[in-house]
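Participant: 3D, please:
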Amino acid sequence: MTGVRQERGGAGLRCAQCATELAPTMLSCPVCHTLVHAGALKELAALADVHSSQGKLDEARDSWQRALEMLPPSSRQHAVIRERVDELTQRIASMPGPKRRAATDGPWWKRAGAALVIVALFALGKLKFLVLGLSKASTFFSMFAFFGLYWSVFGWALAAGLVISIYIHEMGHVAELRRLGIGAGAPLFIPGIGAMVLLKQRIDDPATDARIGLAGPVWGLGAGLVAYAVYRVTGEPLWGAIAQLTGFINLFNLIPIWQLDGARGFHALSGWQRWAVVAVLGVAFLITSEGLLLLIGAVAVYRALQPPVVREPNIPAFATFVVLIAALTWLAKIPAVA
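Facilitator: Below is the predicted model:
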């Protein structure tokens, strides 16, 4: 998500594109120019769009200003976002006083505790299981470090919502593993990158692998839908931002490559099912113009051209994959619409 990957054993950061070693203060790779904070920049852009659509110009400008700090001053992206900040500053200055204060108006309870309500609603009937994951020291402390990093970028409320939605995603994997009787460690957060669940045994059955892999996005979708429902009730952009970013993160995980969940889901699909998924991605892009679908589709085409591991169609995995594409794409786009 951020354009970097961490070396095993904590040796340092390397560019996800060309594996060049990066200093902690670098904003882009000196070799291939990949942006180090690409994932965070995408999230800030989505948040700024949510605020702009709601007339929250102060928050939109703040989000773009945070993005400027993550971009090399000489880059084209820095110049483009600098223009947006200047434009928003002019619009805010030209607005009457009451409208200018609209960005900070509203009951505090709509802003505070967003993540806690998401947990309370989504975890109805599953609360004991979700709390169980936090009893592991590795999960709790890595989660806290992850939260601290995003707090410095997005503020505590949005950071808490994102961390909890990612935690729910990972606990979806854990729940399916426990249901299948497969040993696994507790979720581990990697600040600035994401989270993971370490398996304690090898899984050779493609159908089982797909069930485990797709369980994370399914639970993540549930967390996003709860946040969106609260957004529709309260009209508070913070809820919409959490829902939208949750949709985007889980949609990103459907890329059928490496250790992402989409690769495990694709593993169980037959040849025609893979091409059907490509078609669904194409239709979803034509309807929504979500750029991430092009990336997922390009990798899906590459995987579809390869001989499938299985010959018999796996209907449950295929249906889950298609529903996730449709629902997560909708979630990643709709909350920004007032």
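Participant: list the buried residues for the longest helix that the chain contains?
Facilitator: In terms of residue count, the longest helix belonging to the chain (DSSP state H) is helix 206-234. Buried residues in helix 206-234, counting neighbours by 16 or more other CB atoms under 10 Å, are found at 206, 208-228, 230-231, 234. Yep, even glycine has a C-beta here, placed from its N, CA and C like the rest.
Participant: equivalent analysis for stretch 325-338, please.
Facilitator: 325, 327-336.
Participant: that older thread, name the helices or strands packed onto the longest helix of the chain?
Facilitator: Counting contacts by 3 or more CB pairs under 8 Å, 6 or more residues apart in numbering; DSSP states H and E, helix 206-234 is packed against helix 114-122, helix 156-180, helix 237-252, helix 261-267, helix 315-333.
Participant: which helices and strands does the third one pack with?
Facilitator: Read that as helix 237-252. So helix 237-252, by 3+ CB pairs under 8 Å, 6+ apart, packs with helix 38-53, helix 114-122, helix 156-180, helix 206-234, helix 292-304, helix 315-333.
Participant: pLDDT weak spots in the stretch 201-338 of the chain?
Facilitator: When residues are selected by pLDDT under 70, those of the stretch 201-338 of the chain lie in 335-338.
Participant: which residues touch W151?
Facilitator: Residues near W151 by CB atoms under 8 Å, 6 or more residues apart in numbering: 159-160.
Participant: tell me which element it is part of?
Facilitator: Using DSSP states H and E, the element containing W151 is helix 137-154.
Participant: so how many other residues sit close to P307?
Facilitator: A count of neighbours around P307, defined by other CB atoms under 10 Å, yields 6.
Participant: nearest residue to it in space, ignoring adjacent ones along the chain?
Facilitator: Excluding the flanking residues, the one nearest P307 by CB to CB, 6 or more residues apart in numbering is G271, at 7.9 Å.
Participant: from what I can see that neighbour touches Q306, true?
Facilitator: No - here G271 does not reach Q306: they are 9.4 Å apart, not a contact under CB atoms under 8 Å.
Participant: who's more crowded, these two?
Facilitator: G271 (15 against 10).
Participant: and for the residue nearest to C18 when sequence neighbours are not counted, the neighbour number?
Facilitator: Leaving aside its chain neighbours, C18 sits nearest to C32 (4.5 Å; criterion: CB to CB, 6+ apart). Residues near C32, counting by other CB under 10 Å, number 13.
Participant: now C32: which helix or strand?
Facilitator: Counting by DSSP H and E, C32 is part of no helix or strand.
Participant: does G55 count as helix, strand or coil?
Facilitator: Judged by DSSP: H, G, I helix; E, B strand; the rest coil, the three-state class of G55 is coil.
Participant: next, it: phi, psi?
Facilitator: phi 80, psi 10 (degrees, to the nearest 10).
Participant: distance of it from T320?
Facilitator: 38 Å (CB to CB, to the nearest Å).
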